[in-house]
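[1] Mind looking at a prediction? Sequence and model below.
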Amino acid sequence: MAHHFEIYKDKAGEYRVRFKYNSEMMFSTEGYSSKASAQNAIDSIKKNGPGAEVKDNS
């Protein structure tokens, strides 16, 4: 699998989502108190991400 989302628990016990591409972590989310909230974050990224514009603030 070249790319995937991963839900995991951090050291503080919160659920986080990271996105990996070819085993390289591309991004990680904030911590969530429930696994359902982490899954909602994935669903939102999938729904809203493809059409997101790129802002170059450099």
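    Structure's in. What do you need?

[2] What is the helix or strand where Y8 lies packed up against?
    Following DSSP states H and E, one finds Y8 within strand 3-9. Applying 3 or more Cβ pairs under 8 Å, 6 or more residues apart in numbering; DSSP states H and E, we find strand 3-9 packed against strand 15-21, helix 35-48. The way it works is simple: take the backbone N, C-alpha and C, and place the C-beta from them, glycine included.

[3] In stretch 29-46, which residues are buried?
    Neighbour-count burial for stretch 29-46, counted by 16 or more other Cβ atoms under 10 Å, picks out 29, 31-32, 38, 41, 45.

[4] ok, so of the residues you listed, who is nearest G13?
    Proximity of the buried residues of stretch 29-46 to G13 (Cβ to Cβ) peaks at G31, which lies at 8.6 Å.

[5] Regarding D56, what are the backbone dihedral angles?
    Per-residue torsions, D56: phi -100, psi 110 (degrees, to the nearest 10).

[6] Against Y8, how distant is it?
    With the distance defined as Cβ to Cβ, to the nearest Å, D56 ends up 31 Å from Y8.

[7] out of the two, which sits in the busier spot?
    Taking neighbours as other Cβ atoms under 10 Å, D56 and Y8 compare with Y8 leading, 11 against 4.

[8] give me every residue that touches the more buried one.
    Neighbouring residues of Y8 by Cβ atoms under 8 Å, 6 or more residues apart in numbering: 15-16, 18.

[9] For S37, see how far away it is.
    The value you get for Y8 to S37, if Cβ to Cβ is used, is 14 Å.

[10] if I read this right, E30 contacts R16, doesn't it?
    Yes - between E30 and R16 there is a contact under Cβ atoms under 8 Å: 7.3 Å.

[11] Tell me where the chain is predicted with low confidence.
    1 (pLDDT under 70).

[12] Nearest spatial neighbour of I7, chain-adjacent residues omitted?
    Spatially, and ignoring its direct neighbours in sequence, I7 is nearest to A38 (4.8 Å; Cβ to Cβ, 6 or more residues apart in numbering).

[13] shouldn't the one you found be in contact with D10?
    No - look at A38 against D10 with Cβ under 8 Å: they stay out of range, at 10.8 Å.
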